[in-house]
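A.B. asks: A predicted structure for the sequence below; I have some questions about it.
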Amino acid sequence: MKIPPQQALLQLMLQLQNNGLALSQAYAARQSALELEKVLTVERLSSMAGVQTSLAAIDALEALVAEHRTLVQQWLVEATRQLVPVLEEHPADQRQAISDGLMTALQAQMEHQHLSMQARAEWIDAARTIFGLARRARELDPQVKHGVFADEADADEAERQGERMDAAAATEQRLQEALAARMRARLEQMQPR
């Protein structure tokens with residue numbers, strides 16, 4: 001028995017939504033495993049080995065971000081590929097409205113991804129700047145005993161970069177919360193009444 005086009009569309013949307021959620025959860029879990037909260041500790045910034053360890057975590061984060069961007073793009077392409085034939089089964093007078101709604105949702109997903117990746121890139125850039133300042137202090141004086149940075153100007157710059165990181169992290173958190181709220185709302189809309 002063939003299911004009605006509207007039901008097929010709802011089932012596919014639910015499946016795609018769940019796949020997108022799983023993709024986001026996997027990204028969050030892998031990002032959490034990098035222990036980013038440790039990359040800027042005084043212990044790490046106080047030695048070349050610590051700086052190198054933190055830089056390795058940032059390199060891994062950059063690779064993860066690039067991989068996630070690719071996976072999300074593939075998910076969007078696959079979602080579009082699967083939606084087209086289901087959409088074609090709807091009456092012609094309904095297709096445009098449904099298509100417009102789907103395009104709006106996909107565009108919102110793409111915009112979310114762009115802003116989230118932009119915030120993460122800002123965070124990474126600021127972290128690299130701080131590591132560069134800490135490394136410079138070690139290169140100038142391997143036995144630095146007076147602090148993590150070579151001088152007050154470097155310490156002030158590190159503080160500005162830390163504020164940049166905080167702002168980027170807040171933006172990313174806000175975007176994740178908005179995405180989760182949109183996903184919950186969509187899932188509620190898709191539930192049979």
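C.D. replies: Yes, it's here.
A.B. asks: Run a quick neighbour tally on Gln176.
C.D. replies: If you count neighbours by other C-beta atoms under 10 Å, Gln176 ends up with 15. Quick note: C-beta positions are derived from backbone N, CA and C, even for glycine.
A.B. asks: right, and it touches Ser116 too?
C.D. replies: Yes - counting by C-beta atoms under 8 Å, Gln176 does reach Ser116; the two are 7.3 Å apart.
A.B. asks: Relative to Gln17, how far out is the residue lying closest to Glu88 once chain neighbours are set aside?
C.D. replies: Spatial nearest neighbour of Glu88, chain neighbours left out: Arg95 (7.6 Å); criterion: C-beta to C-beta, 6 or more residues apart in numbering. In this structure, Arg95 and Gln17 are 21 Å apart, going by C-beta to C-beta, to the nearest Å.
A.B. asks: out of the two, which sits in the busier spot?
C.D. replies: Legend: neighbour count by other C-beta under 10 Å for Arg95 and Gln17, higher for Gln17 (18 against 14).
A.B. asks: Distance-wise, check the more buried one relative to Val77.
C.D. replies: Taking C-beta to C-beta, one finds Gln17 at 16 Å from Val77.
A.B. asks: burial count for Trp75?
C.D. replies: Neighbours around Trp75, by other C-beta under 10 Å: 18.
A.B. asks: Same question for Arg44.
C.D. replies: Neighbourhood size, Arg44 [other C-beta under 10 Å]: 20.
A.B. asks: dump the residue contacts of it.
C.D. replies: Arg44 sits next to Lys38, Gly50, Val51, Thr53, Ser54 when contact means C-beta atoms under 8 Å, 6 or more residues apart in numbering.
A.B. asks: From Lys38, how far off is the residue nearest to Asp141 when sequence neighbours are not counted?
C.D. replies: Closest residue to Asp141 apart from its sequence neighbours, by C-beta to C-beta, 6+ apart: Ala150 at 7.4 Å. Distance, Ala150 to Lys38, by C-beta to C-beta: 23 Å.
A.B. asks: Looking at the two, which one has more neighbours?
C.D. replies: Neighbours per residue (other C-beta under 10 Å) separate Ala150 from Lys38, with Ala150 holding more: 19 against 13.
A.B. asks: In contact with the more buried one, which residues are there?
C.D. replies: Counted by C-beta under 8 Å, 6+ apart, Ala150 has contacts Leu133, Arg136, Ala137, Leu140, Asp141, Val144.
A.B. asks: Now do the same for Phe149: helix, strand or coil?
C.D. replies: Following DSSP: H, G, I helix; E, B strand; the rest coil, the label given to Phe149 is coil.
A.B. asks: and it, backbone torsions?
C.D. replies: phi -110, psi 160 (degrees, to the nearest 10).
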